[in-house]
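Student: Turn this into a model:
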Amino acid sequence: MVDDHQFTIDGLQVRLADCTDIDLVAHASTVADLFADPAALDLVVLDLRLRDGSSPTGNVEAIRERGVPVLVLTSGEDPYLVREAARAGVLGVVRKSRSPEEIVDAIRVAVRGEVVPTTDWAAAIDGDPEIDLVDLSPQHRKVLELYAAGETATRVASDLKISRETVNDYLRRIRTKYADAGRPAPTKSELYKRALEDGWLPFPRRRKK
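Tutor: Sure, this is the predicted structure:
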């Protein structure tokens, strides 16, 4: 975790104390200090506004260059910083004001490398004119919808009555279009994220307990 407010770190430690599947193995007030510790990380929970003056883009890129995904946990007082983080490729944005259960759930999803679809993240995407939407044909869009939602290429082919080779060809073309737009999607989870961003998939509603 990277946050320069000790009470936030303490609060997260308390929230995770009863979790058997998540451990807070390291924390620091800057990204540089975090990586001075050799601990193996599956996820970094990042605050956007740090006292060292670092930018969200620089911090997210520095973390992702080490092969570690990023989840933003922020007070959300500056929409521009949230949009900047979204452009840099975070898995999601969660406000610190959310319930402890929601924050832990978001971390659990992000640790799996999956997109965390929250209203805060959706608002950041919708309000950012620099995120270029990719124009897809109806058939490409349908393949993306099914595949990004979790279907296999074989199942997509069966549902759409086309060959598996055609599905894979469409997926290659879709990935090329996103790469050309500066929004690469080399993995299935990244395709899911792009489908959410562009409105091809609805943001899931959180189940009421």
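Student: From Glu197, how far off is Arg83?
Tutor: According to Cβ to Cβ, to the nearest Å, Arg83 and Glu197 sit 12 Å apart. Where you see a C-beta, it was placed from the backbone N, CA and C, and this is true even at glycine.
Student: same thing with Pro117?
Tutor: Taken as Cβ to Cβ, the span from Pro117 to Glu197 is 10 Å.
Student: Among the two, which residue is more densely surrounded?
Tutor: Glu197 (23 against 20; other Cβ atoms under 10 Å).
Student: Quickly list the domain ranges of the chain.
Tutor: 6-126, 138-197 (automatic domain parsing).
Student: correct me, but His160 touches Lys142?
Tutor: Not quite, residue 160 is Leu, not His. Yes: using Cβ atoms under 8 Å, Leu160 is in contact with Lys142, at 6.4 Å.
Student: Quick check: most distant residue from the centroid of this structure.
Tutor: Here the chain reaches farthest from its C-alpha mean at Lys161, the gap being 32.0 Å by Cα atoms, centre = their mean.
Student: mind listing the helices in this structure by residue range?
Tutor: Under the criterion DSSP state H, helices of the chain are mapped to 6-16, 31-34, 56-64, 79-88, 100-111, 119-126, 138-148, 153-160, 164-180, 188-197.
Student: Nearest residue to the residue positioned nearest the centre of the chain in space, please, no chain neighbours.
Tutor: In the chain, the residue lying closest to the centroid (Cα atoms, centre = their mean) is Leu91, at 1.0 Å. Nearest residue to Leu91 in three dimensions, chain neighbours excluded: Ala110, at 4.7 Å (Cβ to Cβ, 6 or more residues apart in numbering).
Student: I'd like the distance from Lys161 to Ala106, if you could.
Tutor: Distance of Lys161 to Ala106, computed by Cβ to Cβ: 38 Å.
Student: What of Thr74?
Tutor: Taking Cβ to Cβ, one finds Thr74 at 12 Å from Ala106.
Student: Touching both of the two, which residues are there?
Tutor: By the contact definition Cβ atoms under 8 Å, 6 or more residues apart in numbering, Thr74 and Ala106 are jointly contacted by Val94.
Student: ok, residues contacting stretch 142-156?
Tutor: Applying Cβ under 8 Å, 6+ apart, the contact partners of stretch 142-156 are 136, 159-160, 164, 167-168, 170-171, 174, 188, 191-192, 194-195, 200-201.
Student: List the buried residues in it.
Tutor: Buried residues in stretch 142-156, counting neighbours by 16 or more other Cβ atoms under 10 Å, are found at 142-144, 146-148, 151, 153, 156.
Student: same question for that stretch, mean pLDDT?
Tutor: Mean pLDDT, stretch 142-156: 91.
Student: Could you tell me the end-to-end distance of that stretch?
Tutor: Between the opening and closing residues of stretch 142-156 there is a gap of 9 Å (Cα to Cα, to the nearest Å).
Student: The residue nearest to the centre of the chain touches Arg112, doesn't it?
Tutor: No: using Cβ under 8 Å, Leu91 is not in contact with Arg112, being 9.6 Å away.
Student: give me the number of residues near the residue lying closest to Ala153 once chain neighbours are set aside?
Tutor: Excluding the flanking residues, the one nearest Ala153 by Cβ to Cβ, 6+ apart is Val167, at 4.6 Å. Neighbours of Val167 under the rule other Cβ under 10 Å: 23.
Student: Thanks again, I'm all set now.
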